[in-house]
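Asker: What follows is a predicted structure for the sequence shown.
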Amino acid sequence: MTELLYYTDAYISRFTATVLSCESAGNAWRVVLDKTAFFPESGGQSADTGMIATSRVTDAKIKDGVVYHITDSPVTVGEVCDCSLDFEERFAKMQCHTAEHIISGLIHTHFGYDNVGFHLGGEDVTLDISAPLDRKELDFIEELANRAVFENIHVVTEELFGDAVKTRAYRSKLDFSDADSVRVVTVPGYDACACCAPHVSHSGEIGIIKLLDFCSYKGGVRIHMAAGSRALADYRKRYTAVAAISASLSAPQCEVAEAVCQTVKRLSDAEYKLKEQELIFARALAEALTYTAENRVEYLPMLTLASLREFSNFAAAKTGGILVALTGSEGDYKYVIYSKNRNLSELSGKINAALNGKGGGRGEMLQGSFSSKLFEIKDFFEKL
Ligand SMILES: [Zn+2]
């Protein structure tokens, strides 16, 4: 069994250890040391990374009490190595993990719901709660959790033995009633929970705790959260976004939501008016046409497909043969074809085959696209 240094001291970032084994595993190596401060992936928390001598540790797993360090190159068995953790990253995880305990403890105390899932990865932190919570309830929990931070409470990590395993009150996803011992992390006044991971020693080290997005998940709720340095990074990212919106809308930062709503409304009103004007314009173009008994091809690149349909409705009355209204550009013309006198359903296949087209329709109207040239389209309908 590997001696777990992080179990008794979460702040060990450098240590020396003897290499007990080193096995090749695909493109990587699996290294076992006599002792380690690397936290292996477990309980929803991803593994620590760092160095063993000159080998990079990319992952660590635990099986039957033995920690397997996954490295990018081999190390010599029997050698005493200097080892180091990427401690900035590890400390960020300690901040998030202790914060998660406080949040879960508060939710349990105030609502009676359980934490049924936890993920603490390289970027995202999520916790799954057994029943739904709304934003107001989460704000209430967030407020109390940050109060626990301001109180700078000593976080107690202890191993319980014998009767204490059964008699002490603590949250746990696993059943420890038959266990000889259990490691419990307590934030006095807020939470006690069975846990094997490293935690900060005082709640003040967590820094800010922020509950971010949440969504329904398996009958309960999944909460995305950030704490400490990750919360600061998140705040910076959001600040940058808000500052950019504020500058482009010339609105104070705290009023950007209202400014965006107003801008979106103005834009949607303008789009509605523009569509109306386009239809009026399309009708005017159609009404300006003089009657012809022949087929007619009208190329109107300034019209949208909707206004092209409007144009065709009115232009059909000025056309004895087939009316072909086109928009778009060379190689991708959108067409609306209208005729009151010719059977377009029968002609559809012939038209598309001749002009490399796609589309169809029924009765008086066809709609689709041609990937041929304008003169070819005009030529074809002149002879049809
Ligand atoms: Zn935990």
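Answerer: Alright, I've got the coordinates.
Asker: low-confidence ranges in the stretch 1-150 of the chain?
Answerer: Applying pLDDT under 70 to the stretch 1-150 of the chain flags no residue at all.
Asker: And the strands in it, which stretches?
Answerer: 3-4, 14-25, 28-33, 35-36, 50-52, 55-63, 66-71, 80-85, 115-120, 125-129 (DSSP state E, counting those that start in this stretch).
Asker: Could you dump the ones you listed into JSON lines with mean neighbour count and distance to residue 367 added?
Answerer: For glycine as for every other residue, the C-beta is placed from the backbone atoms N, C-alpha and C. As requested, the strands of the stretch 1-150 of the chain are exported to JSON lines (neighbours: other Cβ atoms under 10 Å; distance: least, Cβ to Cβ, whole Å):
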{"stretch": "strand 3-4", "mean neighbour count": "16", "distance to residue 367": "70"}
{"stretch": "strand 14-25", "mean neighbour count": "15", "distance to residue 367": "60"}
{"stretch": "strand 28-33", "mean neighbour count": "22", "distance to residue 367": "58"}
{"stretch": "strand 35-36", "mean neighbour count": "22", "distance to residue 367": "69"}
{"stretch": "strand 50-52", "mean neighbour count": "21", "distance to residue 367": "63"}
{"stretch": "strand 55-63", "mean neighbour count": "17", "distance to residue 367": "57"}
{"stretch": "strand 66-71", "mean neighbour count": "22", "distance to residue 367": "59"}
{"stretch": "strand 80-85", "mean neighbour count": "18", "distance to residue 367": "65"}
{"stretch": "strand 115-120", "mean neighbour count": "18", "distance to residue 367": "50"}
{"stretch": "strand 125-129", "mean neighbour count": "23", "distance to residue 367": "47"}
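Asker: mind checking the end-to-end distance for stretch 296-306?
Answerer: End-to-end distance of stretch 296-306 (Cα to Cα, to the nearest Å): 20 Å.
Asker: Report the mean confidence score over that stretch.
Answerer: What stretch 296-306 shows for mean pLDDT is 95.
Asker: List the residues that contact residue 168.
Answerer: Listed by Cβ atoms under 8 Å, 6 or more residues apart in numbering, the contact set of residue 168 reads 160, 184, 192.
Asker: which among those residues gets closest to residue 360?
Answerer: Proximity of the contacts of residue 168 to residue 360 (Cβ to Cβ) peaks at residue 192, which lies at 70.1 Å.
Asker: Using just helix, strand and coil, how would you label the closest one?
Answerer: Classification of residue 192 by DSSP: H, G, I helix; E, B strand; the rest coil places it in strand.
Asker: Return the residues in contact with it.
Answerer: 105, 168, 169, 170, 171, 184, 185, 186.
Asker: What's the PyMOL syntax to select whichever of those residues are buried?
Answerer: If you want just the buried ones from those in PyMOL, going by 16 or more other Cβ atoms under 10 Å, the selection is:
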select buried, resi 105+170+171+184+185+186
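Asker: Kindly reformat the contacts of residue 192 as JSON lines containing secondary structure and distance to residue 240.
Answerer: Listed next are the contacts of residue 192 as JSON lines, based on DSSP: H, G, I helix; E, B strand; the rest coil; distance: Cβ to Cβ, whole Å:
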{"residue": "105", "secondary structure": "helix", "distance to residue 240": "33"}
{"residue": "168", "secondary structure": "coil", "distance to residue 240": "46"}
{"residue": "169", "secondary structure": "coil", "distance to residue 240": "44"}
{"residue": "170", "secondary structure": "coil", "distance to residue 240": "41"}
{"residue": "171", "secondary structure": "strand", "distance to residue 240": "37"}
{"residue": "184", "secondary structure": "strand", "distance to residue 240": "41"}
{"residue": "185", "secondary structure": "strand", "distance to residue 240": "35"}
{"residue": "186", "secondary structure": "strand", "distance to residue 240": "38"}
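Asker: from the contacts of residue 192, which two are the most distant?
Answerer: Pairwise distances across those (Cβ to Cβ) peak at 14.4 Å, for the pair 105 and 168.
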